[in-house]
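J.: Predicted structure and sequence below. I'll ask about it afterward.
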Amino acid sequence: MRNHRAKVFRETANIDYNATKKLYYYSFKGNLEVANNGIVLTYDVTPASWHAIKSVQTLLSLWPSHQILVDLGYLSRKLKQELAKKKINLWTPVRRNMKQPVAYQRLLNRQRRQSETNFSQLNELFDIE
């Protein structure tokens, strides 16, 4: 892969794989903390291959919150327990083989849809992916 020769942002960017697009890429990953109304409260930029879970503590230290709705990338029993000790509720969607009340899942999906719309608008506005 030619990206191994990249010199720009060598200290901070790196290579990761997007399974949905079946594509390797050299880049960063942006993790955002967004209010219910869609306003970005804080952000963390990490190398592309970093797991999203590593950014949670950074984001919370910049903008504390007691209720957090995240995507499947943040699904972690250990993280949920760590945050519960700090009185922080971590709301995650579940995988298909996991059980969750239907009403609860609908509520999470509705809020996630709003967040995904906000992310799409940011991607379009700044021409990022």
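T.: Arrived safely, thanks for sending.

J.: just checking, what packs against whichever helix in the chain runs longest?
T.: Ranked by residue count and defined by DSSP state H, the top helix of the chain is helix 102-126. With contacts taken as 3 or more CB pairs under 8 Å, 6 or more residues apart in numbering; DSSP states H and E, helix 102-126 sits against strand 23-34, strand 67-69. In this view, the C-beta of every residue, glycine as well, is placed from N, C-alpha and C.

J.: Spit out the contact partners of the closest residue in space to Trp91 that isn't next to it in sequence.
T.: In space, and not counting its chain neighbours, Trp91 is closest to Leu69: 4.5 Å by CB to CB, 6 or more residues apart in numbering. If you count contacts by CB atoms under 8 Å, 6 or more residues apart in numbering, Leu69 has them with Trp91, Thr92, Leu108, Gln111, Arg112, Ser115.

J.: in this protein, what spans have low per-residue confidence?
T.: Filtered on pLDDT under 70, the chain yields the residue ranges 1-4.

J.: how about a cut-off of 80?
T.: 1-8, 10-11, 72, 93-105, 129 (pLDDT under 80).

J.: Make a PyMOL selection of the buried ones in the contacts of Leu69.
T.: Typed into PyMOL, the line below selects the buried ones among those, using 16 or more other CB atoms under 10 Å:
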select buried, resi 92+108+112+115
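
J.: Report the two of the contacts of Leu69 separated the most.
T.: Thr92 and Ser115 (12.7 Å; CB to CB).

J.: Please enumerate residues in contact with stretch 83-90?
T.: Outside stretch 83-90, the residues that touch it by CB under 8 Å, 6+ apart are Val56, Leu60, Ser65, His66, Gln67, Ile68, Val70, Tyr74, Leu79, Lys80.
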